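Enquirer: coordinates only, sequence not included:
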């Protein structure tokens, strides 16, 4: 079974631009979570989607948004990029669902975003 | 809010020796999950081991085992017979068992170096 895939793997943007990152979960997985990883703040939870609905959201400004499609693929968007948005963005998927809270999350390789 | 603390930013171990990585957490909940994830230089986050809080028995996965002390809110990882491939960042993570969310709260990580 293919793992979690993220595209693109690397991205360079300038301040003020916007960016969209994509995550394809493992086949059959319905839950997708996003994390931001930086050397200073470590791994921080951005948001989580299940069956096209945002189930939980971290403490990030409204410039960070996301969505999930009917095939469970997810995208996250960052508008008006700032230098501090430079980070590794990780996506994770799990089977999740009612009665399946014990499912493990599997991570993708991440998208490295550099904002200049 | 739950917090996870890894007090050892860096650790080193000789090949074939044993090393223990520390993790403490703070929560008011009684039901939760704890994880150790490994992130090698390639950046793919991999699950090493998981522990359900309701289980008193410590989890074991081959050379990896945990010492789960619920009352002390401590969750250490022991790596036996260390191998060069064990070199990586290790993250301790917490997940609540309530509400159906998959959100993980991570510690800052411990960088493990394995010396030949």
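Expert: Nice, thanks for sending it over. Quick caveat: nothing in here was measured; it's all calculated off a predicted structure.

Enquirer: At the geometric centre of chain A, which residue do we find?
Expert: Central residue check for chain A by Cα atoms, centre = their mean: the C-alpha nearest the mean position is that of residue A:34, 3.0 Å away.

Enquirer: go on, chain B?
Expert: Short answer for chain B (Cα atoms, centre = their mean): residue B:36, at 3.0 Å.

Enquirer: The nearest residue to it once chain neighbours are set aside: what secondary structure?
Expert: If the residues on either side of it in the chain are set aside, residue B:36 comes closest to residue B:48, at 4.3 Å by Cβ to Cβ, 6 or more residues apart in numbering or on different chains. To be clear about C-beta, it is placed using only N, CA and C from the backbone, and glycine gets the same treatment. In three-state terms, and counting by DSSP: H, G, I helix; E, B strand; the rest coil, residue B:48 is strand.

Enquirer: which parts of chain B sit against chain A?
Expert: Taking Cβ under 8 Å from any Cβ of the partner chain, the part of chain B that reaches chain A is made up of B:33, B:37, B:42-47, B:50, B:52, B:91, B:97, B:99-109.

Enquirer: go with 10 Å
Expert: B:1, B:4, B:6, B:31, B:33, B:35, B:37, B:39, B:42-47, B:50, B:52, B:89, B:91, B:93, B:95-109 (Cβ under 10 Å from any Cβ of the partner chain).

Enquirer: so residue A:60 sits right up against residue A:44, yeah?
Expert: Yes. Under the criterion of Cβ atoms under 10 Å, residue A:60 is in contact with residue A:44, at a separation of 7.7 Å.

Enquirer: which residues do the two both contact?
Expert: A:34, A:36 (Cβ atoms under 10 Å, 6 or more residues apart in numbering or on different chains).

Enquirer: which residues touch the closest residue to residue A:42 other than its chain neighbours?
Expert: For residue A:42, the nearest residue in space outside its immediate sequence neighbours is residue B:108; the separation is 4.7 Å by Cβ to Cβ, 6+ apart. Listed by Cβ under 10 Å, 6+ apart, the contact partners of residue B:108 are A:39-43, B:4-9, B:89, B:91-92.

Enquirer: Point to the helix or strand of chain A where mean pLDDT is at its lowest.
Expert: Taking mean pLDDT, DSSP states H and E as the measure, the helix or strand of chain A with the lowest value is strand A:53-57, at a mean of 91.
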